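Engineer: generate a structure from the sequence data that follows.
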Amino acid sequence: MLTTRHVLRASRRYLSTTTSIPTPTPHTSTSPTTPKKLRIVVAVGGNALQRRGERLTIENQLKAAAEMAPTLAKLTSQHEVVLTHGNGPQVGELALERSAATFDVLGAESMGQIGYVLAQAMSCVGV
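Structural biologist: Below is the predicted model of the structure:
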């Protein structure tokens, strides 16, 4: 299974071994002397916030997010980062807990939870 850790590891390898990275049109800089930044989209799958064999709790999701936060912080120090996430396992877990709730409500609830978890982890590393 491909996790966020694999994607970030592959991205680091690519960035460290590539001698010529295509430079996009600058989108954050107006000065000709300021280096151009890349816009990097990081997609965190819902499974990346759950470790094999652990329950899908807020505490465990906070732990998993805290593990990935330093790598994301390093990326944000050098590039513009767009962070997005999946929520499949979280919706499934909520559906088991709240059988009367509809999936649109469960999806919204899980997105809020994951956004909170990622924001907490990023704020702990100064982002």
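
Engineer: C-alpha from now on. contacts and neighbour counts both.
Structural biologist: OK.

Engineer: can you give me the helices for this structure?
Structural biologist: 4-17, 58-78, 88-97, 103-124 (DSSP state H).

Engineer: those: which one's closest to Asn47?
Structural biologist: helix 88-97 (6.5 Å; C-alpha to C-alpha).

Engineer: may I see the buried residues of the closest one?
Structural biologist: Neighbour-count burial for helix 88-97 flags 89-91, 94-95 (criterion: 16 or more other C-alpha atoms under 10 Å).

Engineer: and if you look at stretch 66-80?
Structural biologist: Under 16+ other C-alpha under 10 Å, the buried positions of stretch 66-80 are 66, 68-70, 72-73, 75-76.

Engineer: could you do stretch 96-103 as well?
Structural biologist: Of the residues in stretch 96-103, none is buried (16+ other C-alpha under 10 Å).

Engineer: I'd guessed Ala64 sits against Arg51; true?
Structural biologist: Yes. Taking C-alpha atoms under 8 Å as the definition, Ala64 is a contact partner of Arg51 at 7.4 Å.

Engineer: more neighbours, those two?
Structural biologist: For Ala64 and Arg51, the more surrounded residue by other C-alpha atoms under 10 Å is Ala64, and the numbers stand at 18 against 13.

Engineer: that one: what's it in contact with?
Structural biologist: 48-51 (C-alpha atoms under 8 Å, 6 or more residues apart in numbering).

Engineer: please pick the buried ones from the residues you listed.
Structural biologist: 48-50.

Engineer: can you lay out those as a markdown table showing distance to Gln120 and pLDDT?
Structural biologist: Listed next are the buried ones among the contacts of Ala64 as a markdown table, based on distance: C-alpha to C-alpha, whole Å; pLDDT from 0 to 100:
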| residue | distance to Gln120 | pLDDT |
| --- | --- | --- |
| Ala48 | 16 | 93 |
| Leu49 | 13 | 93 |
| Gln50 | 16 | 88 |
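
Engineer: so where's this protein uncertain?
Structural biologist: 1-34 (pLDDT under 70).

Engineer: distance check, the nearest residue to Pro89 once chain neighbours are set aside against Glu80.
Structural biologist: The spatially closest residue to Pro89, leaving aside those adjacent along the chain, is Gly46, at 6.0 Å (C-alpha to C-alpha, 6 or more residues apart in numbering). For Gly46, the distance to Glu80 equals 22 Å [C-alpha to C-alpha, to the nearest Å].
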